[in-house]
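Engineer: Next comes the sequence, and after it the predicted model I'd like to discuss.
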Amino acid sequence: MIDWSSVRRAEGCLSDLELDQLIADEVELGPRRDEVLKHLADCNRCTTRFASFESVRVGPVPAFVGGEPARLAKHSRSSVWWGLSGTLTIALAFGLARLTGERDQGALLDQAPSTRTKGALALGIVVQRAGGDIERLTPGGLVAPGESMRFELATAGAGFVAVFGLDSSGQTTAYAPYSGAMIAVTSDMPSLLPNSIVADATLGPERIVAFFCEQEQPVTELAEAARSALERAKGNPIDVHRIDTPCAQADFLIEKQGAP
Amino acid sequence: MPRLSTSTSLAELYTRYGRSVLRRAHMLLGDVDAARDAMQEVFLRALNVSGGLDPSPLGWLYRTTTNLCLNRLRDGKRRNELLSLEVSDDVATDDIESRVLVLRVLERVPQELQDIAIYYFVDGLSHDEIAKVAGVSRRTVGNRISDFQNLVSGIVKQGSAS
């Protein structure tokens, strides 16, 4: 006897069509959009699926479709996906399943532009603008003082992570954790680090550096290694590259500019 | 984000929906090159849709991609790939076994049931969604799912008996 209830995806989880509709921002989703977004906020499985769907890259538009009219009926739409705010969008906006996506989608994936990865670690950053909009940061992306950022890390396995900011005033700041021991990660699933950090008034380039260590390291030692690297680069975060630690490293250069 | 309008180009359609089509083709065919080839054909077919595509063309793209991929699988060249189709990691292990079972028996059921079964069991679409995508009534969807379940139960029973 077949248990048909076990064959389908878990009851209440979103269908592939709904996830694709969200990604394409299809008007068809209509009033159900809010329910879908709420479900995504509460369901890790669907959030991961969503990220996996989003991480597929089709490559440049091939010559055979260039410029040809598709003869689509006119239609107006009201809501815009990126107009949403809050943690939900932050979680969804990441190219968060970089590593998971590679496992699932194989050769369908290119390098996600919002994610920097080296070895066993991938780092993504999402910023909440002063007006509330949520955006993915690409390398070199602009952040204004007062805007908040969150970090997501995908690791190749269990271990410990920490994130630091190296700014143009020569300061090294621990972003995650603020204090205490490194953050334990228990699987290879992408994880959104708790809490956000608010960009301070120090303008100019800042390098966000994430470490992934199989064995836990004292945060103070990692911070010291980062500080020394910044010092060797004469305080210029742009010139900081590999930091001497026993850990995998991923980094992301941002530019702090203007008023909030 | 591109918006659909009378001036929307096929390139824009490709940019907006390409990954959905490619992911779907890859899921069904299990091969990247074959999936890209199928995707290309789907967008070429979009050029020739009489009266133009709906402003929410995802349903049409789903249906066209599914039919195209099933036809290719049915051609026999990729029959083995259907049998070894990998179900993505987003389901629990015990679910995977059941879903793979569904996929394995798909080729033994009529085409009109195959499409519906994929939408329902693999994509997790609701009856309403399937009705829209497949262009049939909700009642037909329910009947076909029921027919499919009966047919598969019979196949499984036969397998157990033998």
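Structural biologist: Yes, it's here.

Engineer: pretty sure B:Asp147 is touching B:Leu113, no?
Structural biologist: Yes - in this structure B:Asp147 lies within contact range of B:Leu113 using CB atoms under 8 Å: 5.9 Å. Any C-beta I mention is one placed from the backbone N, CA and C, and that applies to glycine too.

Engineer: So those two - more neighbours on which side?
Structural biologist: Between B:Asp147 and B:Leu113, counted using other CB atoms under 10 Å in any protein chain shown, the more crowded position is B:Leu113 (19 against 16).

Engineer: so the more buried one makes contact with B:Phe148?
Structural biologist: Yes - with contact defined as CB under 8 Å, B:Leu113 reaches B:Phe148; the gap is 4.6 Å.

Engineer: any common contacting residues for these two?
Structural biologist: The contact sets of B:Leu113 and B:Phe148 do not overlap (CB atoms under 8 Å, 6 or more residues apart in numbering or on different chains).

Engineer: give me every residue that touches the nearest residue to B:Ala117 once chain neighbours are set aside.
Structural biologist: Using CB to CB, 6 or more residues apart in numbering or on different chains and skipping the chain neighbours, the partner closest in space to B:Ala117 is B:Phe148 (4.8 Å). Residues near B:Phe148 by CB under 8 Å, 6+ apart: B:109, B:113, B:116-117.

Engineer: And for A:Met182?
Structural biologist: A:Met182 sits next to A:160-162, A:211, A:213, A:216-217, A:219, A:222 when contact means CB under 8 Å, 6+ apart.

Engineer: nearest to B:Leu22, of these?
Structural biologist: A:Val161 (31.9 Å; CB to CB).

Engineer: my guess is that closest one meets A:Thr155, correct?
Structural biologist: Yes - with contact defined as CB under 8 Å, A:Val161 reaches A:Thr155; the gap is 6.7 Å.

Engineer: who touches both of those two?
Structural biologist: The contact sets of A:Val161 and A:Thr155 overlap at A:121, A:185, A:212 (CB under 8 Å, 6+ apart).

Engineer: I'd like these laid out as a markdown table, including distance to B:Val122.
Structural biologist: Shown next, in a markdown table, are these (distance: CB to CB, whole Å):
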| residue | distance to B:Val122 |
| --- | --- |
| A:Leu121 | 33 |
| A:Val185 | 31 |
| A:Phe212 | 35 |
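
Engineer: Filter those down to just the ones in strands.
Structural biologist: A:121, A:185, A:212 (DSSP state E).

Engineer: which among the residues you listed gets closest to chain B?
Structural biologist: A:Val185 (17.5 Å; CB to the nearest CB).

Engineer: can you tell me which residues contact that closest one?
Structural biologist: Counting by CB under 8 Å, 6+ apart, the residues that A:Val185 touches are A:153, A:155, A:158-161, A:191, A:212.

Engineer: right, is stretch A:13-23 up against chain B?
Structural biologist: Yes - against chain B, stretch A:13-23 shows contacts by CB under 8 Å from any CB of the partner chain at A:13-18, A:20-21, A:23.

Engineer: mind giving me a markdown table with those residues and columns for neighbour count and pLDDT?
Structural biologist: Formatted as a markdown table, the residues of stretch A:13-23 next to chain B follow (neighbours: other CB atoms under 10 Å in any protein chain shown; pLDDT from 0 to 100):
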| residue | neighbour count | pLDDT |
| --- | --- | --- |
| A:Cys13 | 17 | 84 |
| A:Leu14 | 23 | 86 |
| A:Ser15 | 20 | 86 |
| A:Asp16 | 22 | 87 |
| A:Leu17 | 25 | 88 |
| A:Glu18 | 27 | 87 |
| A:Asp20 | 25 | 89 |
| A:Gln21 | 24 | 86 |
| A:Ile23 | 21 | 83 |
